[in-house]
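# fold the following, please.
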Amino acid sequence: MNLVPRLPARPPTENDLAERDRFQALVRESLPSVRASAEAWRNGLAAFVTLVGAAVVIKGRTTTADLPPLWRLAVTVMIGGGLALAVTGLWHALAAQSGTKPLAVTLADIHREYGSLDGFELATAIRAARRLTLARRAVALALACLFIGTALTWWAPGA
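Numbering: from 1, shown residues only. Model prediction:
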């Protein structure tokens, strides 16, 4: 393996420099962009969890009181699982929006681990984007569970 640095075959073109500058701007905007998206998801999920939670508390007992025990258990597992997944999605959206590294980081730490502030911001944006993806998946599963739980109450036989 040859580790001797070599000059590039040609100097960078104007297009190469413009693309480098656009990429650097994209990196600098990635963290605020992901956090803004996560904030929107967080707000929507908070409202969703509040609404569904209130509906379950107010309507839950009367909806399931006349169901046979196994059907009641299935509805409880689906609705409870849906609420738990919705809260999990909210948690991931909060983490994506606010950041997940609570420890203080020095500039020397950033340079050692990421090479530059741009590298640090890009890595932070990637972590936040992954958390936001987890939030979206949890919400999709939550909606499926809540829908199935609701459908079970429609199709369950009377006691």
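# how about the helices in this protein?
Secondary structure of the chain (DSSP state H): helices located at 14-64, 69-98, 107-114, 117-155.
# quick one: list the elements packing against the second one.
Looking back up the chat, that one is helix 69-98. helix 14-64, helix 117-155 (3 or more CB pairs under 8 Å, 6 or more residues apart in numbering; DSSP states H and E). C-beta coordinates here come from the backbone N, C-alpha and C atoms, glycine included.
# most neighbours per residue, which of those?
Across the helices and strands packed on helix 69-98, the average number of neighbours (mean count of other CB atoms under 10 Å) peaks for helix 117-155, which reaches a mean of 17.
# just checking, residue 89 touches residue 42?
No. If you go by CB atoms under 8 Å, residue 89 and residue 42 don't touch, sitting 9.5 Å apart.
# and the helix-or-strand element of the chain with minimal mean pLDDT, how far out from the chain middle?
Scoring the helices and strands of the chain by mean pLDDT, DSSP states H and E places helix 14-64 at the bottom, with a mean of 82. Remark: helix 14-64 is offset 7 Å from the chain centroid, using CA atoms, centre = their mean, to the nearest Å.
# stretch 125-138 too?
3 Å.
# mean confidence (pLDDT) on it, please.
Average pLDDT, stretch 125-138: 91.
# repeat that for stretch 81-100.
Summarised as a single mean, pLDDT over stretch 81-100 is 87.
# name the residues that touch that stretch?
Stretch 81-100 has contacts (CB atoms under 8 Å, 6 or more residues apart in numbering) with 34-35, 38-39, 41-42, 45-46, 48-49, 52-53, 56, 124, 127-129, 131-132, 134-139, 141-146, 149.
# I'd like to know how far the residue positioned nearest the centre of the chain sits from residue 5.
Geometric centre of the chain, nearest residue: residue 132, 2.0 Å, by CA atoms, centre = their mean. Look at residue 132 and residue 5: by CB to CB, to the nearest Å, they are 39 Å apart.
# do the same with residue 65
76 Å.
# between these two, point out the one with more neighbours.
residue 65 (9 against 5; other CB atoms under 10 Å).
# quick one, what contacts residue 158?
Residue 158 touches 66, 67, 68, counting by CB under 8 Å, 6+ apart.
# on that earlier part again, export the helices and strands packed on helix 69-98 to JSON lines and tack on distance to residue 108?
Listed next are the helices and strands packed on helix 69-98 as JSON lines, based on distance: least, CB to CB, whole Å:
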{"stretch": "helix 14-64", "distance to residue 108": "21"}
{"stretch": "helix 117-155", "distance to residue 108": "12"}
